[in-house]
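S.K.: Pasting the sequence and the predicted coordinates here, then a few questions.
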Amino acid sequence: MAKLPIVKIGDPVLQVRAQEVPKITKKIAKLIDDMIETMYEANGVGLAAPQVGVSQRIIVVDPGEGPVALVNPVIQSAQGEDIDVEGCLSIPERWVYVKRATEIEVTGLNEKGKPVRIMAEGYFARALQHEIDHLDGILMLDRSLGEASVEELEEAEEQEPSESLELQVGEGE
Ligand code: NI
């Protein structure tokens, strides 16, 4: 694995719609490994491929129990709404309040190309929505309802996201 440089706000790759991944090749699997390492090195809870300069529909998120990778993720349903604080590895030293759905269902492929379905709540649902936004060229600042402090972010992240995770692999096969 290798740590990748993180692209910062102002780079056009963060503002365009990323491409679908047609096939999970060895190169894609390596990219996912590198993205996971990069996320942990940067102390992030999620990372999208455009943030490492790759305009493809891949995200990694850690709901608190290890990394989850999703290729070509699609939000199938969303319920509820909640306003809380987010940060972004591409937007250093800024934290903003964003309104997100509180419960979502997401489908996609895992790093092995298997179809997966994720039911997520709370901060994990928030992180997934933030990362999927990156695949559509949308940044948290585009949805900002106001600036926050880093302490407010830490409070938000301290919720227990792992309890809300339900992951099904092989759905629809
Ligand atoms: Ni971000």
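M.R.: That came in fine, so what should we check first? Because the structure is predicted, anything quoted here is derived from the model rather than measured.
S.K.: Could you verify my assumption that residue 13 touches residue 7?
M.R.: Yes: if you go by CB atoms under 8 Å, residue 13 and residue 7 touch, sitting 5.8 Å apart. Yep, even glycine has a C-beta here, placed from its N, CA and C like the rest.
S.K.: what do the two both touch?
M.R.: 50, 53 (CB atoms under 8 Å, 6 or more residues apart in numbering).
S.K.: outside of the worst-scoring helix or strand of the chain on mean pLDDT, which residues touch it?
M.R.: When each helix and strand of the chain is scored by mean pLDDT, DSSP states H and E, strand 166-169 comes last, with a mean of 71. For strand 166-169, the surrounding residues in contact (CB under 8 Å, 6+ apart) are 68, 110, 114, 115, 116, 117, 118, 119, 120.
S.K.: what's around the residue nearest to residue 143 when sequence neighbours are not counted, how many residues?
M.R.: Spatially, and ignoring its direct neighbours in sequence, residue 143 is nearest to residue 98 (4.8 Å; CB to CB, 6 or more residues apart in numbering). By the criterion of other CB atoms under 10 Å, residue 98 has 22 neighbours.
S.K.: Run through the chain and note the low-pLDDT ranges.
M.R.: 159-166, 170-173 (pLDDT under 70).
S.K.: where's the spatially most central residue of the chain, which helix or strand?
M.R.: Relative to the mean C-alpha position of the chain, the nearest C-alpha, by CA atoms, centre = their mean, is the one of residue 131, at 2.9 Å. Element membership for residue 131 (DSSP states H and E) is helix 122-135.
S.K.: right, and the helix or strand after that helix?
M.R.: Assigned by DSSP H and E, the successor of helix 122-135 is helix 150-157.
S.K.: Using CSV, list the CA coordinates for that next one.
M.R.: Extracted C-alpha coordinates of helix 150-157, given in CSV (Å, rounded to 0.1, in the frame of the first residue of the first chain):
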residue,chain,number,x,y,z
VAL,A,150,-13.1,21.6,15.3
GLU,A,151,-14.4,20.8,18.8
GLU,A,152,-17.9,20.7,17.3
LEU,A,153,-16.7,18.3,14.6
GLU,A,154,-15.1,16.0,17.2
GLU,A,155,-18.4,15.9,19.1
ALA,A,156,-20.2,14.9,16.0
GLU,A,157,-17.8,12.1,15.2
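S.K.: Residues contacting that helix, please?
M.R.: Residues contacting helix 150-157 (CB under 8 Å, 6+ apart): 45, 84, 85, 86, 87, 95, 123.
S.K.: Between the contacts of strand 166-169, which sits nearest residue 26?
M.R.: Using CB to CB, residue 110 comes nearest to residue 26 of the contacts of strand 166-169, at 15.4 Å.
S.K.: Please verify my assumption that that closest one contacts residue 72.
M.R.: No: using CB under 8 Å, residue 110 makes no contact with residue 72, being 10.8 Å away.
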